[in-house]
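> The following block contains a protein sequence and its predicted model.
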Amino acid sequence: MNILLVGSGGREHALAWKIAASPLVTRLVAAPGNPGMAAQCELREVAATDVAGLVALAREIAADLVVIGPESSVAAGLADAVEAAGFACFGPTAIAGQLESSKAFTKAFCDRYGLPTSAYAVCETAEEAKAALDRFVPPYVIKADGLAAGKGVVIAPERTEAEAAIDDAFGGRFGAAGARVVIEEFLEGEIGSLFALCDGTTSMVFGWAQDHKRAFDGDKGPNTGGMGTYSPAPVFTPQLVAQVRERLAERAFAGIAVDGAPYRGVLFVELMATRDGPKLVEFNARFGDPECQVLMLRLESDLVPYLLACATGQLAGMPEPVWRDEAAVCVVLAAEGYPDAPKAGGEIRGVEADFGADVVVFHAGTKRDGSGTLRAAGGRVLNVCARAPDLRAARDRAYAVVDAIDFPEGFCRRDIGWRALR
Ligand code: GLY
């Protein structure tokens, strides 16, 4: 099979690593990819939102399957265009992808189809949003409506901070994504990320993990796209998995099909396990980043047949995926200043060393300069991932590799996995 993989982050590097291991693959092309992905793919300089350019590339390589990594491609309508051009595509249409691209859409969707989620208010102006705070108690949860790379969420303990976050969003901090703001009830409980595949009709749970959204140890600091993950996460008891599948994933797939936009791809259910059962925090129309990294380390089955089955309506014939009975940990090495103002250009050394079979260092935001030196080129720069018989061993292994990498202008959290290890 010839596969076109779209995207350039750590999630896409993890997908490339797993796809390249499939005996079904003859050619794997990534657009635009990153320097780390060059070990698994041919790289082509086509942006993830250049829909016409990607359709042309799919044609050029006679793609049997196009795999969409990031939400920006989903929102740009890449799946719509790729399918219209006659290619199989793993990734939802832009309309189905509104489950991620508009929080206001998703809240109304939850009301319509009975998905449990927090109380909320959708606000079109700063004045309206500030007045709506009266209906909530602290801490206040302020979210930009649109896509903001995980950075459009502020949890404000005080009203003055909440009002400042509202002013920031309407003042253009998140561009068009902040033209509308959603205020939400703060949910008490433990966070979790569950993944479900769907081919438009049939769905299947496809692993779970726990992320660490705040920038600093102890869950302090600003929200980020995710600073580290581990899988499996003990919060996912069999009962919680069953509840999330039935109350959130299956209701979402059924509802979006009734809306006329059957879902093909992976749905990332970010949930809070509360005393009243799981409640939706948000949906994402793609694999989590860095959740995908730990899932790929634990996935024993070949990934490619699952991706193809989603794209071609064949999921009903697929067996449950097989997961290694081991733990995986991902530690994100970010550039100083992330998430607000990550410092670009920091030199990185020591990534190419052989760390052993159960360690993979995925590139998330790197580039090579003219002399071939690897440098930071994004907020989240590297994802150091390790697999071991238990979580403690996987975590220790990952941090040993973090310490062996020389990236003076980077930082990481030192407490990934703390909830499971406390
Ligand atoms: N790690 C959270 C996300 O991918 O949005």
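That came through fine. Residues are numbered from 1 along each chain as shown.

> only C-alpha atoms for contact and neighbour calcs from this point on.
Will do.

> Give me the mean pLDDT for stretch 77-88.
Averaged across stretch 77-88, pLDDT comes to 98.

> which residues are contacting that stretch?
Here stretch 77-88 makes contact (CA atoms under 8 Å, 6 or more residues apart in numbering) with 49, 51-52, 55, 58, 63-66, 68, 73, 89-94, 308, 311-312.

> Endpoint to endpoint, stretch 83-93 covers what distance?
End-to-end distance for stretch 83-93, by CA to CA, to the nearest Å: 9 Å.

> Give me the buried subset of the contacts of stretch 77-88.
49, 51, 55, 58, 63-66, 68, 73, 89-94, 308, 311-312 (16 or more other CA atoms under 10 Å).

> partners of the host helix or strand of residue 269, with directions?
Assigned by DSSP states H and E, residue 269 belongs to strand 264-274. Under the criterion DSSP bridges, strand 264-274 sits next to strand 190-199 (antiparallel), strand 277-284 (antiparallel) in its sheet.

> Looking at these, spot the one closest to residue 225.
Among these, strand 277-284 comes nearest to residue 225, with 12.0 Å by CA to CA.

> pLDDT on that closest one, on average?
When pLDDT is averaged over strand 277-284, the result is 97.

> So, low pLDDT: which residues of the stretch 251-400 of the chain?
Along the stretch 251-400 of the chain, the model assigns pLDDT under 70 to no residue.

> related to what we said a few turns ago, inside strands: which ones of the contacts of stretch 77-88?
65, 66, 68, 89, 90 (DSSP state E).

> quick one, what contacts the third one?
If I follow you right, that is residue 68. Residue 68 touches 5, 6, 7, 74, 79, 89, 90, 91, 286, counting by CA under 8 Å, 6+ apart.

> quick check, nearest of those to the ligand?
Nearest to the ligand out of those is residue 286 (CA to the nearest ligand atom; 8.0 Å).

> residues touching the closest one, list them.
68, 69, 70, 71, 91, 265, 266, 267, 268.

> So what's the residue count around the second one?
The one in question is residue 69. By the criterion of other CA atoms under 10 Å, residue 69 has 27 neighbours.

> give me phi/psi at whichever residue of the stretch 301-422 of the chain sits closest to the ligand?
Distances between the stretch 301-422 of the chain and the ligand by CA to the nearest ligand atom are smallest at residue 332, namely 10.7 Å. Residue 332 adopts backbone torsions of phi -90, psi 130, taken as degrees, to the nearest 10.

> so which strand or helix has the spatially closest residue to it that is not a sequence neighbour?
Of all residues not flanking residue 332 in the chain, residue 383 sits nearest, at 4.6 Å (CA to CA, 6 or more residues apart in numbering). Element membership for residue 383 (DSSP H and E) is strand 380-388.

> Which neighbouring elements make contact with that strand?
On a contact count with 3 or more CA pairs under 8 Å, 6 or more residues apart in numbering; DSSP states H and E, strand 380-388 meets helix 291-298, strand 327-335, strand 359-363, helix 391-404.

> re the thing from before, and the residue of the stretch 301-422 of the chain closest to the ligand, how many residues sit next to it?
Residue 332: 32 surrounding residues under other CA under 10 Å.

> Is residue 154 part of a helix or strand, or is it coil?
strand (DSSP: H, G, I helix; E, B strand; the rest coil).

> ok, so of the contacts of residue 286, who is nearest the ligand?
residue 268 (8.2 Å).
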